[in-house]
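Novice: Based on what follows, work out the 3D shape:
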Amino acid sequence: MENKLILQKDITFNFQNILILVMLLFFGFTSLRFGMFGVGEIILLFFCILQLNSQQTILLSIRNHMFTLFWFYYISIIMIGYSFNTFFKIKSQLIHFDLMAYIVILFLCFTFELAFKGSSFSYLYRLIRFIYFGGLFAVGFLYFLYLCGLRNFSVFSLAYGGADIFSPFANDYHQFAYFVAPLPFIGLFIFGKERRKIVKFLSLLCILLCIKIGLATTSSTLVSSWAISAFLFCTLKVLEFLNKLNRSRSIILAFFCLILIIFIFNYESILTLISNFFKGDSNGENRLVIWSNAIKAWGYSPIVGLGPGSFSGTKVFFGYEAHNTFLQILTQGGILGGIAYILLISKLTKSTSVNVYILCAVIALVIYGLGINDLRRTVLWFYYILFYFLNLKGEEEKSERATVNIR
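Specialist: Prediction:
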């Protein structure tokens, strides 16, 4: 079947990849939108129309369309929750903003799952490599201007709220931070896969740039997600090395004891990291209160939730998001939405577990969502789809090669 969105050429720099990168960047450049929509959404619409035009028949399956099915299910559940909320006059809110954002993400999942299911591992790898280098080049240029003292382009700002926080063209620095969150692990993945020394060197250089840019956002949530994911990465790589050496279980046990000792002697740094998570940014010091009130709001409709909207804050139904993706899902879609989200993330992490680099990139994004609501972060869902199919296609091609060798 012809797939017009995927251009199977052995090149990295092509018009399609440029459009995808521009789309991702402008998803985060929220201050450049026209109302709710901007350049990113326009490019997504273009890809969606192109993809629909190339399909003779569309058959949905859990394997190839699990993100689309999740969003179709979740939107259905929260609309039931909204009906429940309205009927019993609990605390209904305007649903237009959330609902439109979720529909955009539904179309994004539908478009790129259709596209990527017909692609190859080599294409997806070239795409992720282009996003990594191209994205950091573009953002790095803006960061350089920021370091030079430039804070505004006309009415558009490179800083958040006039503070010394790098947030290029973004009304919410978390929108931008989500773009860089998985990139250090992508850089390590490229470093391990590439043979060319110049590419290896550039990938390491870009990791340092990415970390510098991430720290400039002052997001304690981002730092926490990187710290936990980096620890997981180091642990998994050491275990992988020990397994290759066929070391006994006693060696592995000794390794974990060493980790425990390191934790004990660095408990102050760990406590500081935890404290910064709750108090390190503008929302941190209220997180426990917000989470508590989110749980109380969920209690009003535990099965199907209360529908689209924000039901937490310093008081219950104060109009603030839960600052935790899972709690936000519980308030909107109840336990039925929460179970669906857990199943989705479990499937995603299981499929990416064959690649430590991509697994840790996914974990960094998931952990980020523990301190902020990421349901509307469009770039996050694109990353999830790309990472899922990158590993899926890699395993499929390995299986095909093994079958050919047996024959």
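Novice: where in this structure is pLDDT low?
Specialist: Low-confidence segments of the chain (pLDDT under 70): 1-13, 245-256, 258-260, 262-263, 265-285, 402-407.
Novice: ok, which stretches of it are strands?
Specialist: For the chain, the strands defined by DSSP state E occupy 152-153, 156-157.
Novice: Comparing those strands, which stretch has the densest surroundings?
Specialist: strand 156-157 (a mean of 14; mean count of other Cβ atoms under 10 Å). (Each C-beta comes from the backbone N, C-alpha and C, glycine too.)
Novice: That strand pairs with which strands, and in what direction?
Specialist: Using DSSP bridges, strand 156-157 pairs in its sheet with strand 152-153 (antiparallel).
Novice: ok, back up a step: reformat the strands of the chain as a markdown table; add distance to Gly333.
Specialist: Below are the strands of the chain laid out as a markdown table (distance: least, Cβ to Cβ, whole Å):
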| stretch | distance to Gly333 |
| --- | --- |
| strand 152-153 | 39 |
| strand 156-157 | 35 |
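Novice: Any idea which of those strands gets closest to Ile90?
Specialist: strand 156-157 (38.3 Å; Cβ to Cβ).
Novice: Now do the helices in the stretch 1-150 of the chain.
Specialist: 15-28, 39-54, 62-87, 96-116, 121-147 (DSSP state H, counting those that start in this stretch).
Novice: Nearest to Val366, out of those helices?
Specialist: Proximity to Val366 (Cβ to Cβ) singles out helix 62-87 among the helices of the stretch 1-150 of the chain, at 14.2 Å.
Novice: Quick one: closest of the helices of the stretch 1-150 of the chain to Tyr178.
Specialist: helix 15-28 (6.9 Å).
Novice: buried set for that closest one?
Specialist: 16-17, 20-28 (16 or more other Cβ atoms under 10 Å).
Novice: In TSV: those, plus distance to Leu59.
Specialist: Below are the buried residues of helix 15-28 laid out as TSV (distance: Cβ to Cβ, whole Å):
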residue	distance to Leu59
Gln16	24
Asn17	27
Ile20	25
Leu21	30
Val22	31
Met23	26
Leu24	28
Leu25	33
Phe26	32
Phe27	28
Gly28	33
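Novice: Tell me the one of the residues you listed nearest Val356?
Specialist: For the buried residues of helix 15-28, the nearest to Val356 is Leu24 (23.7 Å; Cβ to Cβ).
Novice: so what's that closest one closest to, chain neighbours aside?
Specialist: Val379 (5.2 Å; Cβ to Cβ, 6 or more residues apart in numbering).
Novice: shouldn't that neighbour be in contact with Phe179?
Specialist: Yes. With contacts counted by Cβ atoms under 8 Å, Val379 reaches Phe179, the gap being 5.3 Å.
Novice: Identify the contacts common to those two.
Specialist: 24, 27-28 (Cβ atoms under 8 Å, 6 or more residues apart in numbering).
Novice: what about Leu158, how many neighbours?
Specialist: Residues lying near Leu158 (other Cβ atoms under 10 Å) number 18.
Novice: can you give me phi and psi for it?
Specialist: phi -100, psi -10 (degrees, to the nearest 10).
Novice: Name all residues that make contact with it.
Specialist: Here Leu158 is in contact with 142, 145-146, 150-152, 166-169 (criterion: Cβ under 8 Å, 6+ apart).
Novice: Report the separation between Leu242 and Phe387.
Specialist: As judged by Cβ to Cβ, to the nearest Å, Leu242 and Phe387 stand 26 Å apart.
Novice: So which of the two has more stuff around it?
Specialist: Neighbours per residue (other Cβ under 10 Å) separate Leu242 from Phe387, with Phe387 holding more: 25 against 16.
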